[in-house]
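Visitor: Provided below are the primary sequence and the corresponding predicted coordinates.
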Amino acid sequence: MPWRCASANIFLLCRADVSEAVRPILRDVDATLRNRREPAGAWGGERGMRRGHPFRIGDWVEVKSASRVLATLDRHASLDGLLFMPEMVRYCGQRLRVAAQIQLKRRRGQGPCCMSDTVNLETRCDGSGHNGCSDGCLMLWKAAWLTPADGPAADAATANAERLAEAAALSAQHAAAAGTRCQFPRSGSAAGMVPRMATPRHLVDAASRQGLLPKFLRQALDNRPNRLPAACAGTSGEERNDPDGVESAARRKATAGRFAIAVRSDPAAVMADWEALEPQATAFQTRAWLLPLYRIVAPKFGAIPLFVTVRDRDSNRPLMLLPLCIRRRWGLVVIEFPDFGVTDYNAPLLSAGIDLDAAQTHELWGEICARLPPADMVLFDKVPGTVFGRNVPLTKLKGVRIQDQRAWALSLPKTREEYDRTILRSKDRKEQRRKRRNLIDSVGALTFVDAANEREGREIFQAFRQQRRVRFKETGYHDILNEPVFLAFWETVIFEPWGRFASLCALKAGDRIVATLLGLRHNDSYLFLAQCFECIAEGLSPGIVAMDEMVTHLIESGTKVFDFTLGNEGYKRQFGVEALLLHEGIWPLSPRGWLFLQAVNAKRHLKAAVYPRIAAYWSQARNRLKMLATRAWRLIRRGHSGDGCGKQGGPAAEPCGNDGAGKARRQADRVPDVVA
């Protein structure tokens, strides 16, 4: 017979065929829910306040001074079994808000019991008194350590001075007794403390206490989203070789002490760091590109700017700037680079002084995630492996993969002759010369024009828009320049101010613009963004001729790199380019983000397993259809030629048997058709 459960929500699990491993969880939940049952009137008149509980959720409280807290503790530095940890002394004298009432505590072997005088003030342990522990556990506070307050503190300086004085007293009288114990040990009586929540959370908590949930899933379902990435990343080799965590804790402490991290939403607050790091960034991370993107395009997508700055704590020198944004996508709150479909490279702005290995990168990324606003995940893609010779730290994170799409770049020599001789293949060189001759024979002499002033630039831009409009209408693609938001963005990037950042070029035949090129100039590099050409010259490859002219123009102007940017188009390989690997990754910060990551990985694995088979089947079916079509076409031709037995207009009395004479006559009749 199935044993009865106190909650109807989990009744379906309480069956006779439930495994023995699950029964302890359900019994634990049942006991928890039975303890939650209270007589009528147990709750006060105001919601969120329990009878006998001195504080309700949302109340302001002030933590008593360290000396008054010490007076309430026993020789084990505890009050009613709840430890007062050394990390809690820095909150003495501060005013904080009550975030939750802690009503349940599970004692080993006895089930949960009531804790009516314990609250959570949304404070977390920083691990300074526990060998640099980075678990970030919630701190629980007894009501005896708190006094009611009417609001936040007005004078923080006096409170800070008092806390420093009391900290010395605590360390002298009490730190030895507290030791390195924790309110939430990995195994012990306090491990089951939970806030008052709904039944599903009690089920999850019970499963966690029984040790039946994987570590990453326990932390995914916990209310500590910033600990999820480290758990999902797995355990590194250094951690396996250091089971006690002594070396890892020392490295974390050194990494955390080296950098000062700040998160801002106002571009003006990070302008000094941005200006200092911009010369070492790609063109898509410059102020000339991102500021119009934040100002014009971001509101269309409901995106809010978000900037993460990393500075050297000793010298206060900027080391890294992450230009991000936060917005809703797929029903989730996503932190990502401001891409919006127009950016080809997403990367942080890096200083030459930052050089981190994989372990240090994970520690730094954990600190950054801990300071991010609440979100479900961090999403990044199109991240290059290096930027001007400096490794991008994001590519060292676990779970980051190489994208299928590549970027392409060409290192330009000093002369065109050297380019033709050492980089360009002879086959491609001959093909480009042939295409040039054909285009000249069709439209006349060609000239390459780089817009020297705003008037020429607007003329080329209008021709570019017109050619693009006609081209996209024929192919059925969506042209974003037809949207006012993106048109305003491009006009701002190109013409405000003119000639500083963008480049507009054209291939002309007399006064007629045959092809147009749009790109960016930054750090002796030309980044190709888009091209278009007249449809009348489509079969003459005007785009290839214009790109070849652009190579000559860049070599003559002293440009060092011709960056073809994102895209696997085949024509790029005709210019001797080299592939650049791009990376993508998803870093979950909440259970929903973790589930989204699992869905993406499942889709990728399914596609990798199924797509090759579908491609093989399609290739076989295509070959079979091609063969059947060929046979059908031959039969149709024979029918129109008057060949066959018993056809209208043929010799009706002629026998159609398989005798030798009939076969010879049929073969003789087929000969003219084959020759014809």
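Guide: Noted; the coordinates are in hand.

Visitor: can you list the weak-confidence ranges in the stretch 351-500 of the chain?
Guide: Filtered on pLDDT under 70, the stretch 351-500 of the chain yields no residues whatsoever.

Visitor: can you map out the strands along it?
Guide: For the stretch 351-500 of the chain, the strands identified by DSSP state E, counting those that start in this stretch occupy 377-384, 386-387, 390-391, 401-402, 407-411, 447-450, in order along the chain.

Visitor: Just say which of the ones you listed is most tucked in.
Guide: Scoring the strands of the stretch 351-500 of the chain by mean neighbour count under mean count of other CB atoms under 10 Å gives strand 377-384 as the most buried, with a mean of 22. C-beta: built from backbone N, CA, C; applies to glycine.

Visitor: got the buried residues for the helix or strand residue 273 falls within?
Guide: Residue 273 is located in helix 271-277, with elements delineated by DSSP states H and E. For helix 271-277, a neighbour-count test (16 or more other CB atoms under 10 Å) marks 273, 274, 277 as buried.

Visitor: now stretch 590-608
Guide: Residues of stretch 590-608 classed as buried under the neighbour-count rule (16+ other CB under 10 Å) are 590, 591, 592, 593, 594, 596, 597.

Visitor: now do stretch 552-559
Guide: Within stretch 552-559, the residues that count as buried by 16+ other CB under 10 Å are 553, 554, 555, 559.

Visitor: would CSV of those residues with distance to residue 313 and pLDDT be doable?
Guide: Rendered in CSV, the data for the buried residues of stretch 552-559 read as follows (distance: CB to CB, whole Å; pLDDT from 0 to 100):
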residue, distance to residue 313, pLDDT
553, 47, 90
554, 42, 91
555, 45, 90
559, 39, 88
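
Visitor: Residue 55: which of these is nearest?
Guide: Out of the buried residues of stretch 552-559, the one with the shortest distance to residue 55 is residue 559. That distance is 67.1 Å, counting by CB to CB.

Visitor: how much space between that closest one and residue 96?
Guide: When distance is defined by CB to CB, to the nearest Å, residue 559 is 58 Å away from residue 96.

Visitor: What helices and strands are in contact with the helix holding residue 273?
Guide: Contacts of helix 271-277 with other secondary structure elements, assessed using 3 or more CB pairs under 8 Å, 6 or more residues apart in numbering; DSSP states H and E, are made with helix 287-292, strand 318-329, strand 349-350.

Visitor: related to what we said a few turns ago, residue 71: which of the strands of the stretch 351-500 of the chain is closest?
Guide: Nearest to residue 71 among the strands of the stretch 351-500 of the chain is strand 377-384; the distance by CB to CB comes to 45.6 Å.

Visitor: just the angle between that closest one and strand 407-411, please?
Guide: 30 degrees (axes from the mean of the first three to the mean of the last three CA atoms, to 10 degrees).

Visitor: Please enumerate residues in contact with strand 377-384?
Guide: 282, 329, 332, 334-337, 339, 343-347, 369, 372, 392, 394-395, 400, 403, 405, 407, 566, 580-590, 593, 596-597 (CB atoms under 8 Å, 6 or more residues apart in numbering).

Visitor: if we go to 6 Å?
Guide: Outside of strand 377-384, the residues within contact range by CB atoms under 6 Å, 6 or more residues apart in numbering are 334-337, 345-347, 394, 582-589, 593.

Visitor: How about the contacts made by residue 117?
Guide: Residues near residue 117 by CB under 6 Å, 6+ apart: 142, 143.

Visitor: That one: helix or strand, and which one exactly?
Guide: Here residue 117 is covered by strand 111-124, with elements defined by DSSP H and E.

Visitor: quick check: mean pLDDT across that strand?
Guide: The pLDDT scores in strand 111-124 average 69.

Visitor: for the next helix or strand after it, packing partners?
Guide: On the C-terminal side of strand 111-124, the nearest following helix or strand under DSSP H and E is strand 138-142. Counting contacts by 3 or more CB pairs under 6 Å, 6 or more residues apart in numbering; DSSP states H and E, strand 138-142 is packed against strand 111-124.
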